[in-house]
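1. Give me a model of this one.
(3 chains)
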Amino acid sequence: MELYFFLFFAIVAVASSVAMILQRNPIYCVLLLIMVMISIAGLYLMLDAEFVAIIQIVVYAGAIMVLFLFVIMLLNLSREEGGTFRIQKPLAVVLAALLFLPLAAMVMSYAGGGTTTPVDGGEAGFGEVEQIGTLLFTKYLLPVEIAAVLLLIAIVGAVVLTRKGTVAVDG
Amino acid sequence: MAIIVEARKMTLTERLYLPAVIKGMLLTLAHLFKKKVTMQYPEVQKILPPGYRGAHRLNKDEQDRVKCVACEMCAVACPADCITIEGMETEWNDREKIPRTFQIDMLRCIFCGMCVEACPEDAIDMTDDIELVATSREEMIWDRERLLKNYDETRDQEGTLGQVLRKSREAFTRPRGDQLPDPGGPGGH
Amino acid sequence: MVLDPMILDGAIALVKIGILLGVVFTTVAYLTFMERRVSALIQDRIGPNRVGPMGLLQPLADGIKFMWKEEFIPASADRKLFAIAPALILVPALLIFAVIPVGGEVTIPSFTLFGLQIQETTTTLQIIDLNVGILYVLGMTSVAVYGIALGGWSANNKFTLLGGIRSSAQMISYELSLGLSIVGILMLTGSLQMSQIVDAQDGFLDWFIFRQPLAFLIFVIAAFAENNRLPFDLVECEQELVGGFHTEYSSMRFSMFMIAEYASMIAASALMATLFFGGWHMPFEDQVGPGLVTLYQVAGFLLKTGFFLFVYIWVRWSLPRFRYDQLMAIGWKVLLPLALLNVVITGIWMLV
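-> Below is the predicted model of the structure:
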């Protein structure tokens, strides 16, 4: 049962990402990317990481992609013109091949050697909100705070930029 | 000169809006239980005022003959151009013409009542029949027989448009001097 | 033959989903009827009362009428997106119901069906009790934006596009307040799980409306904005945008938008009942006989949900529509700080 679900989500994710790259209509690209996000959330869910799965949907599918869609709709981008970046295509092939090699090597090493140890999910409360919260506020407190300050700076910056006309900013 | 009106500063309770929202919602809640104004139409019929401009009819005289003399005054007065009359001669000794056909296109008619006002013989009239329904356009072109039948059906109606107009004409007009009935001598015009 | 417990669990889940979908769709149908009747009553009219006794078959007549209407697609529309947009808005609205608990545990006695021995099982009246229930709800509401935005964009009409863009901005803005208003409850409960939130309100005075009144107010306002209902229906806004994002839709696709709107209204009402009014917990439930207590609780839950549905309609005919800048100002400058304040107050209250 679990295998079928995994296959379903994996195939949807891979197919949508490939389709997204081949698609020339930006709105369709956004939708396919959302499909990828949601199927990855499904994979997280199968790993018992409910919190990560839902956050994946809320943050990526629910917020970031909506902004993407918003911008594309407002700018009214039509089909992308082919052939603007002539160098891009061969370069992309080379880079993809380079990235594929280590990935393939990693998968092959598992397939051949049998050195895998399944992640032990038996621990009570694994992947639950309490555990993540505790970790975030103890072990990873400093990174969390740094990220928070970064985000705050970004917010303040955005507010300042939008009010450029009315507020004098000392250079 | 424009007058600059200082907007009154709102108090704290006003700025919260919630008291006003609750007040408004209580008002609509009260309306939920008020007496309804809807008239349940087919069961309850509205009483129409006298002089209502509903479906037309062709009046008949005392001898049950059509009053119309095919003078086409109504067709000329009609702003929607929905009346078509074809006259024919008659052997009746009190008039020269009667309508051979008299058609009113009820789909074009705007029910303004000007035909009734124009009619010198009180032959065309309007009733308070408002249920004008048909399943085809042809049925909505009313011919002479249909209009005369409407008279038979609404014969007893009090206060048709024609009657109301006649009454008001009597009250506000008098014959011109040269038309005053001459007690002596032969009349004529 | 005894049924495998795993298959039994699956079968029970399917039955629950079936019942829930049936109830939701019937409620949607009768909600349209209720909307028309209550609107009429508030306006001193009577409303539809001709089809069937008291007009109760009106939704059926409406449905039949919808089906026979012409399915129209504008020539310049993006046909694929135009076709899937109604589904994109309906599906998240229905998915929310999966985590809403309708009642407590019930025991199904063992019985024999077509020669299959089915053993005694206990199940809760909830499809799935997700560990992250509340977050799941917020996730689904945030995904619902796509249907409206794409429906507005794909028709290639300026009114629908404006409606779609307004909706995206509005829903993103109010999602924040919606999420933050619940935080107080999460702090008091210590869990995101719906069943635990309901269990935290088992006494009448434990209902969160008494402990989190400010949060309730924020939640209600944000939920109205999320559902695009008056006074925040700038998405549809008949007087400015013709019909807003669904201007170009007709027939069953249009009715799907309507079903989605009413389904999300029901979901929001059920959430208000669950989060703030004790869910399926009712006062005096220990005085009801043991056989009837589940029935009493489910009926109570439905009654609470129904009341909030009535409030939706009631507010619609009481308050005028907000202007767009007012909407944004309320969302960002009033509700968001208030929600944060509520979190701070709750924190202080918990410490003291």
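2. And the nearest residue to residue C:301 once chain neighbours are set aside, its phi and psi?
-> Spatial nearest neighbour of residue C:301, chain neighbours left out: residue C:280 (4.3 Å); criterion: C-beta to C-beta, 6 or more residues apart in numbering or on different chains. In short, each C-beta sits where N, CA and C put it, glycine included. As for residue C:280, its main-chain torsions (degrees, to the nearest 10) stand at phi -90, psi 0.
3. just checking, residue C:280 touches residue C:296?
-> No. Taking contacts as C-beta atoms under 8 Å, residue C:280 lies outside contact range of residue C:296: 9.2 Å.
4. ok so residue C:117 is a strand residue?
-> Yes. Residue C:117: assigned to a strand according to DSSP: H, G, I helix; E, B strand; the rest coil.
5. Near chain A, which residues of chain B are found?
-> Taking C-beta under 8 Å from any C-beta of the partner chain, no part of chain B reaches chain A.
6. Show me which residues of chain B sit near chain C.
-> Within chain B, the positions near chain C by C-beta under 8 Å from any C-beta are B:21, B:24-25, B:27-29, B:31-32, B:34-38, B:40.
7. How about the closest residue to chain A within chain C, nearest residue that isn't a chain neighbour?
-> Closest residue of chain C to chain A, C-beta to the nearest C-beta: residue C:142 (2.8 Å). Nearest in space to residue C:142, with sequence neighbours left out and distances taken as C-beta to C-beta, 6+ apart, is residue A:62 at 2.8 Å.
8. Report the contact partners of that neighbour.
-> Residues counted as contacts of residue A:62 (C-beta atoms under 8 Å, 6 or more residues apart in numbering or on different chains) are C:138, C:139, C:142, C:143, C:145, C:175.
9. make it 10 Å
-> A:34, A:37, A:54-56, C:92, C:138-146, C:171-172, C:175 (C-beta atoms under 10 Å, 6 or more residues apart in numbering or on different chains).
10. ditto for residue C:281
-> C:103-104, C:198-204, C:206-207, C:274, C:297, C:300-301.
11. and it, how far is that from residue C:131?
-> 21 Å (C-beta to C-beta, to the nearest Å).
12. now swap in residue B:96 and tell me
-> To residue C:131, residue B:96 is 100 Å away according to C-beta to C-beta.
13. try residue A:1
-> For residue A:1, the distance to residue C:131 equals 20 Å [C-beta to C-beta].
14. neighbouring contacts of stretch C:11-26?
-> C:3-4, C:31, C:59, C:93-94, C:96-98, C:100, C:102, C:108, C:118, C:121, C:123-128, C:259, C:262-263, C:266-267, C:270, C:302.
15. Quick check on the residues you listed: which are buried?
-> C:31, C:59, C:93-94, C:96-98, C:100, C:102, C:118, C:121, C:125-127, C:259, C:262-263, C:266-267, C:270, C:302 (16 or more other C-beta atoms under 10 Å in any protein chain shown).
16. gap between the one helix or strand residue C:186 maps to and the chain center?
-> Assessed by DSSP states H and E, residue C:186 sits inside helix C:158-189. What separates the centre of helix C:158-189 from the centre of its chain is 14 Å, taken as C-alpha atoms, centre = their mean, to the nearest Å.
17. again, but for stretch C:308-328
-> For stretch C:308-328, the distance to the chain centre is 16 Å (C-alpha atoms, centre = their mean).
18. Let me know the average pLDDT across it.
-> Mean per-residue pLDDT for stretch C:308-328: 86.
19. quick one: it near chain B?
-> Yes. Judged by C-beta under 10 Å from any C-beta of the partner chain, stretch C:308-328 and chain B are in contact via C:311, C:313, C:314, C:315, C:316, C:317, C:318, C:319, C:320.
20. give the contact list for the closest residue to residue B:129 other than its chain neighbours.
-> Nearest residue to residue B:129, sequence neighbours excluded (C-beta to C-beta, 6+ apart): residue B:55, at 4.1 Å. Shown in contact with residue B:55 (C-beta under 10 Å, 6+ apart): B:104, B:106, B:109, B:111, B:125-132, B:142, B:146-147, B:150, B:153-154.
21. Now go through the residues you listed and say which are in helices.
-> B:146, B:147, B:150, B:153 (DSSP state H).
22. pLDDT value on the first one, please?
-> At residue B:146, the pLDDT value in this model is 88.
23. Let me see the contact set for it.
-> So residue B:146 contacts B:55, B:56, B:57, B:58, B:102, B:103, B:104, B:106, B:139 (C-beta under 10 Å, 6+ apart).
24. Those, buried ones only, as a ChimeraX selection?
-> A single ChimeraX command suffices to select whichever of those are buried according to 16+ other C-beta under 10 Å:
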select /B:55,56,57,58,102,103,104,106
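25. which of the contacts of residue B:146 lies closest to residue A:14?
-> Nearest to residue A:14 out of the contacts of residue B:146 is residue B:139 (C-beta to C-beta; 67.1 Å).
26. Give me the secondary structure label for that closest one.
-> helix.
27. quick one, domains of chain A?
-> With domains defined by automatic domain parsing, chain A comprises A:1-80, A:128-171.
28. any chance of these in a markdown table, plus mean pLDDT and distance to residue C:342?
-> A markdown table is the format used below for the domains of chain A (pLDDT from 0 to 100; distance: least, C-beta to C-beta, whole Å):
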| stretch | mean pLDDT | distance to residue C:342 |
| --- | --- | --- |
| domain A:1-80 | 84 | 20 |
| domain A:128-171 | 82 | 20 |
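29. tell me the most buried of those?
-> Neighbour counts (mean count of other C-beta atoms under 10 Å in any protein chain shown) averaged over each of the domains of chain A peak at domain A:1-80, with a mean of 17.
30. Geometrically speaking, which residue is the centre of chain C?
-> Nearest to the geometric centre of chain C sits residue C:267, at 1.6 Å (C-alpha atoms, centre = their mean).
31. scratch that, chain B is what I was asking about
-> residue B:53 (1.3 Å).
32. picking up where we left off before, separate out the buried members of the contacts of residue A:62.
-> Buried among the contacts of residue A:62 (16+ other C-beta under 10 Å): A:34, A:37, A:54-56, C:92, C:138-146, C:171-172, C:175.
33. In chain A, what residue lies closest to chain C?
-> For chain A, C-beta to the nearest C-beta, closest residue to chain C: residue A:62, 2.8 Å.
34. Give the helix, strand or coil label for the residue nearest to the centre of chain B.
-> coil.
35. That one contacts residue B:124, correct?
-> No. Counting by C-beta atoms under 10 Å, residue B:53 does not reach residue B:124; the two are 11.9 Å apart.
36. Longest helix in the chain, please.
-> Using chain A here. Per DSSP H, chain A has its longest helix at helix A:88-113.
37. hmm, I had chain C in mind actually
-> Assigned via DSSP H, chain C shows its longest helix as helix C:5-42.
38. That helix: which residues count as buried?
-> C:8, C:16, C:20, C:24, C:27-38, C:40-42.
39. circling back: so for residue C:280 and residue C:296, which residues contact both of them?
-> Residues touching both residue C:280 and residue C:296 (C-beta under 10 Å, 6+ apart) are residue C:103.
40. Mind checking which of these two has more residues around it?
-> The residue with more neighbours, out of residue C:280 and residue C:296, is residue C:280; 26 against 17, by other C-beta atoms under 10 Å in any protein chain shown.
41. any idea how far chain B is from the more buried one?
-> For residue C:280, the distance to chain B equals 27 Å [C-beta to the nearest C-beta, to the nearest Å].
42. Would you agree residue B:166 is in contact with residue B:120?
-> No. Using C-beta under 10 Å, residue B:166 is not in contact with residue B:120, being 11.6 Å away.
43. re the thing from before, are any of the ones in helices among the contacts of residue B:55 buried, and which?
-> Buried members of the ones in helices among the contacts of residue B:55, scored by 16+ other C-beta under 10 Å, are B:146, B:147, B:150.
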